[in-house]
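Peer 1: A predicted structure for the sequence below; I have some questions about it.
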Amino acid sequence: MKITAEQVKTLRERTGAGMMECKTALVECEGDVDRAADALRKKGIAKADKKAGRIAAEGVIASALSADARQGVLAEVNCETDFVASGDDFRRFADAVAEAALALRDDSQEALLAARLPGGETVEETRRGLIARIGENIGVRRFARLRSTGQLARYIHRGRIGVLVAFEGGDAALGQDIAMHVAASRPIAVKADDVPADILAKEREIIAAQSAAEGKPAHIVEKMIDGRLRKYLSEITLLGQPFIKDADVTVEKLLAGARARVLGFVRLEVGEGIEKKAHDFVGEVMAQVRGE
């Protein structure tokens with residue numbers, strides 16, 4: 001029977017068990033998530049079951065660099081509260097995860113969770129032990145690798161935003177400035193040609209609808225679309241953005257003046273895309289008053 005990645009993800013989030021353990025259980029239970037969860041529980045694998053369902057949107061971005069500083073990794077490790085995120089045990093675990101990711105040849109989540117840490121346990125075994133010890137749901141959510149033929153700059157902002165920038169020319173100070181800029185300005189690509197086609201198509205469609213609604217002739221509308229699309233691209237691409245330390249200079253001009261170029265970058269921010277549950281404490285009190 002074919003087991004989908006979505007089924008594995010659902011079972012893993014529910015039980016906290018490893019990916020391979022979840023896949024094996026699903027195969028044995030013919031894809032039935034409920035039966036697979038029970039099977040894992042009976043085997044003693046789902047020790048983190050009660051905590052795995054809780055949202056872990058806090059945490060840190062940890063990083064690791066190779067000895068020659070030409071390869072780096074960012075890893076997001078999550079927990080439920082900033083109190084735990086600032087704790088020594090959690091930070092050490094996150095740093096160890098980043099180092100383990102750096103040493104991998106296989107950039108898959110499964111390979112990272114199966115990687116051995118200095119103490120001999122796997123990342124997954126250590127994660128589950130930390131859940132039992134700390135009492136919060138903890139997750140190794142993702143990691144990103146960047147290689148450079150030139151230099152590599154790294155910037156971590158308060159443990160919550162991590163950036164790696166691969167560049168040639170210039171110096172370390174310039175690389176650090178560019179990394180800080182990426183952290184603050186959130187570009188999605190280095191230059192316009194790198195922006196995914198689906199994003200461009202969607203934005204063009206939105207701009208076209210807005211321009212057409214203004215009642216202009218068709219040939220004027222087309223020019224308006226092109227102009228607004230250029231403005232949009234300058235806002236979302238690194239080279240088109242005004243430099244954070246000098247808004248009169250674009251990043252492109254800054255790099256040209258230093259005879260440098262950016263080869264690529266990665267940016268991770270804690271909790272991106274995780275839907276947090278909002279607690280309506282006033283509503284809860286009112287419900288109690290009404291006897292609900």
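Peer 2: Cool, the structure landed.

Peer 1: which non-adjacent residue is nearest Arg70?
Peer 2: Ser148 (5.1 Å; Cβ to Cβ, 6 or more residues apart in numbering). For glycine as for every other residue, the C-beta is placed from the backbone atoms N, C-alpha and C.

Peer 1: from Asp88, how far off is that neighbour?
Peer 2: For Ser148, the distance to Asp88 equals 31 Å [Cβ to Cβ, to the nearest Å].

Peer 1: pick out whichever of the two has more residues nearby.
Peer 2: Between Ser148 and Asp88, counted using other Cβ atoms under 10 Å, Ser148 has the larger neighbour count: 21 against 7.

Peer 1: where do the strands sit along the stretch 1-150 of the chain?
Peer 2: According to DSSP state E, counting those that start in this stretch, the stretch 1-150 of the chain carries its strands in the segments 58-65, 71-79, 139-147.

Peer 1: deepest-packed of these, please.
Peer 2: The highest mean neighbour count among the strands of the stretch 1-150 of the chain, using mean count of other Cβ atoms under 10 Å, belongs to strand 71-79: a mean of 25.

Peer 1: could you give the angle of that strand to strand 139-147?
Peer 2: 170 degrees (axes from the mean of the first three to the mean of the last three Cα atoms, to 10 degrees).

Peer 1: got the contact list for Ala64?
Peer 2: The contact partners of Ala64, by Cβ atoms under 8 Å, 6 or more residues apart in numbering, come to 72-73, 75, 95, 98-99, 101-102.

Peer 1: quick check, nearest of these to Val123?
Peer 2: Ala101 (8.8 Å; Cβ to Cβ).

Peer 1: what's the distance between the closest one and Arg160?
Peer 2: Taking Cβ to Cβ, one finds Ala101 at 18 Å from Arg160.

Peer 1: neighbour count winner among the two?
Peer 2: Using other Cβ under 10 Å, the more surrounded residue of Ala101 and Arg160 is Ala101, with 25 against 18.
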